[in-house]
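> sequence? don't have it. structure:
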């Protein structure tokens, strides 16, 4: 896995051993970042379920000023911290071990609102049940309270698993890449509310 473009383009990232993390494929990341080009110039990024930090670190490479990266597994967090150290971005990267869906982990004095929020939860969490409900509730809260004007939530899920109607209160559009879907979610302004 590598940084695709920007200041650190071509630099490799470490990944934890085993199959506990599921990094987004390079070609999907490349397509995703090309659609968000204007959001990273001095932007603030929140990377939930950060894993190796591939999304947050790519955003920093492309000009974001700060990336707050949340990962629950302490072993994976150590790898993420090493990737931050290897790139020399500790002054712009905030790494936190904690629950990515807890608003308490989203608070950053340098980023009261975010220009881009990446949400790439483990696929089993998205199956019908309380995990899926919690993810959808968190997406709604992020859109209503944590996005900067013109900010976007980028939500990664298996293709065909989510329905547009589930993102209540959010403007959504989907792009599919093979077996992956990338949902671009934004807050509705009062004028856009039905």
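Ah, there it is. Remember, it's a predicted structure, so these values are computed and weren't measured experimentally.

> Now residue 6. Its backbone dihedrals?
When quoted as degrees, to the nearest 10, the phi and psi of residue 6 stand at phi 90, psi -160.

> So it versus residue 178, what's the distance?
As judged by C-beta to C-beta, to the nearest Å, residue 6 and residue 178 stand 24 Å apart. Every C-beta, even on glycine, is put in place using the N, C-alpha and C of the backbone.

> Could you do residue 146 as well?
Counting by C-beta to C-beta, the gap between residue 146 and residue 178 amounts to 30 Å.

> With residue 63 instead?
Applying C-beta to C-beta, the value for residue 63 to residue 178 is 28 Å.

> more crowded one of the two?
Neighbour comparison, residue 63 and residue 178: the larger count goes to residue 63, with 14 against 9 (by other C-beta atoms under 10 Å).

> Can you report phi and psi for the residue nearest the centre of the chain?
Nearest to the mean C-alpha position of the chain, counting by C-alpha atoms, centre = their mean, stands residue 118 at 1.4 Å. According to degrees, to the nearest 10, the main-chain angles of residue 118 amount to phi -100, psi 130.

> ranges for the strands of the chain?
The residue ranges that make up the strands of the chain, judged by DSSP state E, are 44-48, 66-71, 93-97, 114-119, 147-158, 170-177, 180-187.
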